[in-house]
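Student: whatever this is, show me its structure:
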Amino acid sequence: MLHEGPVRVVSLMVVNNETGVISDLGALAKVVRTSAPDAVLHSDAVQAFCWTDIAEACAAVDSFSLSAHKFGGPKGVGALVVRAGVALTARQLGGGQERERRSGTQNVPGIVAMVTAARLAAEDRNADIDRVGKLRDQLLDGLLAALPGSVETAGADRSQRAAGIAHLCIPGVESEALLFLLERGEVSASAASSCASGALQSSHVLGAMGVETELARGSLRLSLGWSSTQADVDEALAVIPPAVERLRQFGI
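Tutor: The predicted model follows:
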């Protein structure tokens, strides 16, 4: 697509919100700079703050965006970090607040809450990555052992994935039916990213990765975070395999 015409903006995720794969933005930036040297390179870092060193991960981009609710802050508050020299045109005019980039009364309580949450999340990041990563591994290993034929979607190197996302494809079941049973068992899950948890269509992300459509129809995404516990993992492992077996018995 970079060769199809003038490109003004390229936007890439740091962490894929479906599979948890952490992108090598440095390598991708070289491709963008070569093919579209005048383009502004932006990164959606919303999913990444708790699981990567943002300053390091986004060192090669011109701007990146964050959302407070992903690291314990309030919903509806975000930040756009822009490299010096990148020109921005205001879309919301008025009193010239936010350095004339977004006019309107500033949400000071939200800003303070986001900054506080970011500071606390950054302080605990390494410990959280280690603890949550171990829980994620237990969850995936347990499901793969209990559900033969299941595929760990993003490959074997879990160090290249966010610790808070577990994703696999389970053959012989439909995701929507499985999610219904899991909800009754008080296990919250999704078939794709959390942004598309209610969508019924097959994941375009899995399609781009070469996952066969039939297998992708059994995709399951589970999220973990700073509040996740061993008991949560144990409960998920107690609920999910029987739910899958029940669906397979009925051919759903």
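Student: can we go C-alpha only for contacts and neighbour counts from here?
Tutor: Fine.
Student: could you list the low-confidence segments of the stretch 1-150 of the chain?
Tutor: Per-residue confidence for the stretch 1-150 of the chain (pLDDT under 70) gives these ranges: 1-5.
Student: again, only this time at 90
Tutor: Along the stretch 1-150 of the chain, the parts satisfying pLDDT under 90 run over 1-7, 85, 87-106.
Student: quick one, helices of it?
Tutor: For the stretch 1-150 of the chain, the helices defined by DSSP state H, counting those that start in this stretch cover 25-35, 54-57, 97-100, 108-146.
Student: right, and those helices - which one's nearest His69?
Tutor: His69 lies closest to helix 108-146 among those, at 8.2 Å (C-alpha to C-alpha).
Student: returning to what we had before: give me whichever of the helices of the stretch 1-150 of the chain is most buried.
Tutor: Of these, the one with the most neighbours on average (mean count of other C-alpha atoms under 10 Å) is helix 108-146, at a mean of 17.
Student: if you count contacts, what does it end up packed against?
Tutor: Contact analysis of helix 108-146 by 3 or more C-alpha pairs under 8 Å, 6 or more residues apart in numbering; DSSP states H and E lists strand 151-152, strand 165-169, helix 230-250 as its packing neighbours.
Student: mind listing what the residue of the chain most remote from its centre touches?
Tutor: With C-alpha atoms, centre = their mean as the measure, the chain has its most outlying C-alpha, relative to the mean C-alpha position, at Gly95: 35.0 Å. Shown in contact with Gly95 (C-alpha atoms under 8 Å, 6 or more residues apart in numbering): 103-104.
Student: follow-up on the earlier one: export the helices and strands packed on helix 108-146 to TSV and tack on distance to Gln138 and mean neighbour count?
Tutor: Formatted as TSV, the entries for those read as follows, by distance: least, C-alpha to C-alpha, whole Å; neighbours: other C-alpha atoms under 10 Å:
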stretch	distance to Gln138	mean neighbour count
strand 151-152	13	20
strand 165-169	10	24
helix 230-250	8	16
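Student: closest one to Val112 among the ones you listed?
Tutor: The closest approach between Val112 and any of the helices and strands packed on helix 108-146, judged by C-alpha to C-alpha, belongs to strand 165-169 at 27.9 Å.
Student: name the residues that touch the closest one?
Tutor: For strand 165-169, the external contacting residues (C-alpha under 8 Å, 6+ apart) are 17-20, 136, 139-140, 150-154, 215-224.
Student: just to revisit the earlier point, the helices of the stretch 1-150 of the chain into CSV, with extra columns for distance to Leu66?
Tutor: Putting the helices of the stretch 1-150 of the chain into CSV (distance: least, C-alpha to C-alpha, whole Å) gives the following:
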stretch, distance to Leu66
helix 25-35, 16
helix 54-57, 10
helix 97-100, 16
helix 108-146, 10
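Student: among these, which is nearest Arg248?
Tutor: Distances from Arg248 to each of the helices of the stretch 1-150 of the chain were compared by C-alpha to C-alpha, and the smallest falls on helix 108-146, at 13.7 Å.
Student: nearest to Lys75, out of the helices of the stretch 1-150 of the chain?
Tutor: With distances scored as C-alpha to C-alpha, the stretch of the helices of the stretch 1-150 of the chain nearest to Lys75 is helix 108-146 (8.7 Å).
Student: tell me what angle the closest one forms with helix 230-250.
Tutor: The directions of helix 108-146 and helix 230-250 differ by 50 degrees, with axes from the mean of the first three to the mean of the last three C-alpha atoms, to 10 degrees as the criterion.
Student: tell me the angle helix 108-146 makes with strand 165-169.
Tutor: Relative orientation of helix 108-146 versus strand 165-169 (the same axes, to 10 degrees): 40 degrees.
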